[in-house]
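Asks: Got a sequence here, can you model it:
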Amino acid sequence: MSQAQSSGLLIVDKPQGVTSFDAVAAVRGALHIKKVGHAGTLDPMATGALVIAFGHATRLLNAIVAHDKTYEATIRLGLTTDTDDAEGAVHVDESIHSRWKELAERHGEQGSWQTGTFWHDLLANTIASHFTGNIEQVPNTFSAIKINGQRAYDLAREGKDVELKARPVTVSEFSVLDVRAGVVTGKNAGEPLLEKDVASFPFDSAAGPDQSLCSSLNDHSVVSGDGESDPRGVDTAISVAVTGLIPVLDVNVRISCSSGTYIRALARDLGMTLGVGGYLTRLRRTRVGRFALPDDASGLIAADAMQQTSAHTITAHAEPKTFVNREGERVSRNSCMLDTPAGLAGEERRAWVLGRALTMEQATRGAMPVVDITAEEAAELRFGRRIERVVLRDTQVAAIAPARDDVSGDAPADVVAILERANAHQAKPVTVFPLA
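Replies: Coordinates of the predicted model:
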């Protein structure tokens, strides 16, 4: 099996409810290839671009991980959770009504709150002042960062104090796309927003029960964390309306940022800066460097590259699977299933997935800077020798030679090696790829 056939890169649109490892396992199973990896984890709650490499292309993953990224997300302001996202337990501030009004009073006369753009402009100005450019960010306590060899999230789940140091990140775009006002019960982090007119926000907590709101709660009931209706019904709904629902803003944003930026932390810190709290309810990654999904709206991908991206994206879905664990218990969990054409199996399905993959050359050109070399230089590099090339310090580049004359006319170019600086005028190979 040649390098062209066994090495490449896929852009998988990861569904909600599965891990990044689940998506890697789905690709491994479809291609019957052991050497598969991804370029940056997405939490189970998140959806979107997961760059998965297989074969020799896995050597490119370290470079791709370092690329900047674009996300679209929803931040809920007015509540907090212990994980800073919708997977955690909700913390309700009983003074939230007064906090919202204090925030509004600090930034405008009461009459200005009723304008359609007041809250949008307030959020956009706060973000521009505090959360764009080069900033310092403290990662989330429930993160995969290691502390003395242990993951921060493991320590947090054990109830131990976790202190993480601030780290520099760069946010090149943090745009407010939409602001929706409404109320929630605060019973679980993922409950839907009962939307109200943003011009009347923050809502009067001293008023009696809103009859239209009670009707809405009656129609929708109270939704629990597992998506089931609360059996207590309309009496509970009216009671919540009387005692005061929690006013929140759901803010849709688009963020382009450096590698290592925690979007959950941006949501948390925005809420903290405003004095009302905040957490992430939705996260979708649309771009990783030069690799993007068809719905990416960052404007950072050239039109021809976007067309190529569309041709090489595979969607997937979560499918529950039940199995018996080592203790003999029946356990259900989601698996990631690639959306391949119905009826395909075995080698036909494998061929279809390979047909959607970026070639080794395409993957390499998207992953890092490239220098074109001759066949003679390719031979030197494969013997571990240096070639005459100027490479900047702390930079790696890929060396690509034209397709060899002794293979068919449609053969791909030869990805030879990854190079780094040897001295002022020479480059040396740090990774050498076998002949295609």
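
Asks: show me where this structure has helices.
Replies: Under the criterion DSSP state H, the chain contains helices at 3-6, 20-31, 61-65, 96-107, 110-113, 118-130, 152-157, 211-220, 233-243, 263-274, 303-311, 346-356, 360-367, 375-382.

Asks: Highest mean neighbour count out of those?
Replies: A comparison of the helices of the chain by mean neighbour count, using mean count of other CB atoms under 10 Å, puts helix 360-367 on top with a mean of 24. All C-beta spots, glycine's among them, are computed from the backbone N, C-alpha and C.

Asks: Among the helices of the chain, show the one with the smallest mean pLDDT.
Replies: Note on the helices of the chain: helix 233-243 shows the lowest mean pLDDT, a mean of 38.

Asks: these two touch, right, Ser175 and Arg254?
Replies: Yes: assessed by CB atoms under 8 Å, Ser175 is found in contact with Arg254 at 4.8 Å.

Asks: Arg421 contacts Ile387, doesn't it?
Replies: No: using CB under 8 Å as the test, Arg421 is too far from Ile387 to be in contact (12.0 Å).

Asks: related to what we said a few turns ago, could the helices of the chain be laid out in JSON lines, adding distance to Gln426?
Replies: Formatted as JSON lines, these follow (distance: least, CB to CB, whole Å):
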{"stretch": "helix 3-6", "distance to Gln426": "26"}
{"stretch": "helix 20-31", "distance to Gln426": "37"}
{"stretch": "helix 61-65", "distance to Gln426": "21"}
{"stretch": "helix 96-107", "distance to Gln426": "59"}
{"stretch": "helix 110-113", "distance to Gln426": "65"}
{"stretch": "helix 118-130", "distance to Gln426": "46"}
{"stretch": "helix 152-157", "distance to Gln426": "42"}
{"stretch": "helix 211-220", "distance to Gln426": "68"}
{"stretch": "helix 233-243", "distance to Gln426": "72"}
{"stretch": "helix 263-274", "distance to Gln426": "42"}
{"stretch": "helix 303-311", "distance to Gln426": "32"}
{"stretch": "helix 346-356", "distance to Gln426": "37"}
{"stretch": "helix 360-367", "distance to Gln426": "21"}
{"stretch": "helix 375-382", "distance to Gln426": "11"}
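
Asks: what about stretch 286-304, how long is it end to end?
Replies: 17 Å (CA to CA, to the nearest Å).

Asks: can you tell me which residues contact the spatially most central residue of the chain?
Replies: The structure's the chain has its C-alpha centroid closest to Arg285; by CA atoms, centre = their mean the separation is 3.8 Å. Counting by CB atoms under 8 Å, 6 or more residues apart in numbering, Arg285 makes contact with Leu42, Ala46, Thr47, Gly48, Ala49, Leu50, Lys69, Thr70, Tyr71.

Asks: thinking again about what came up before, so Arg421 and Ile387 - more neighbours on which side?
Replies: Neighbours per residue, other CB atoms under 10 Å: of Arg421 and Ile387, the larger number sits with Ile387, 21 against 18.

Asks: Mind listing the residues bridging to that one?
Replies: Beta-bridge pairing of Ile387 under DSSP bridges involves Ala427.

Asks: so what's it up against?
Replies: If a contact means CB under 8 Å, 6+ apart, then Ile387 has Ile373, Glu377, Glu380, Leu381, Ala399, Leu419, Gln426, Ala427 as its contacts.

Asks: if I look at the last one, how far off is Val90?
Replies: In other words, Ala427. The spacing between Ala427 and Val90, counted by CB to CB, to the nearest Å, is 54 Å.

Asks: These two: who's more crowded?
Replies: Each of Ala427 and Val90 has its neighbours counted (other CB under 10 Å); Ala427 has more, 26 against 21.

Asks: Now do the shared contacts for Arg421 and Ile387.
Replies: Ala427.

Asks: one step back: of the helices of the chain, which is nearest Thr83?
Replies: Of all these, it is helix 263-274 that lies closest to Thr83, at 7.4 Å by CB to CB.

Asks: who touches that closest one?
Replies: By CB under 8 Å, 6+ apart, the list of residues contacting helix 263-274 from outside reads 71, 73, 75-78, 80, 83-85, 103, 123, 126-127, 130-131, 137-140, 171, 174, 255, 257, 277-280, 283.

Asks: which of those residues are buried?
Replies: Among these, those scoring as buried are 71, 73, 75-78, 80, 83-85, 103, 123, 126-127, 131, 137, 139-140, 171, 174, 255, 257, 277-280, 283 (criterion: 16 or more other CB atoms under 10 Å).
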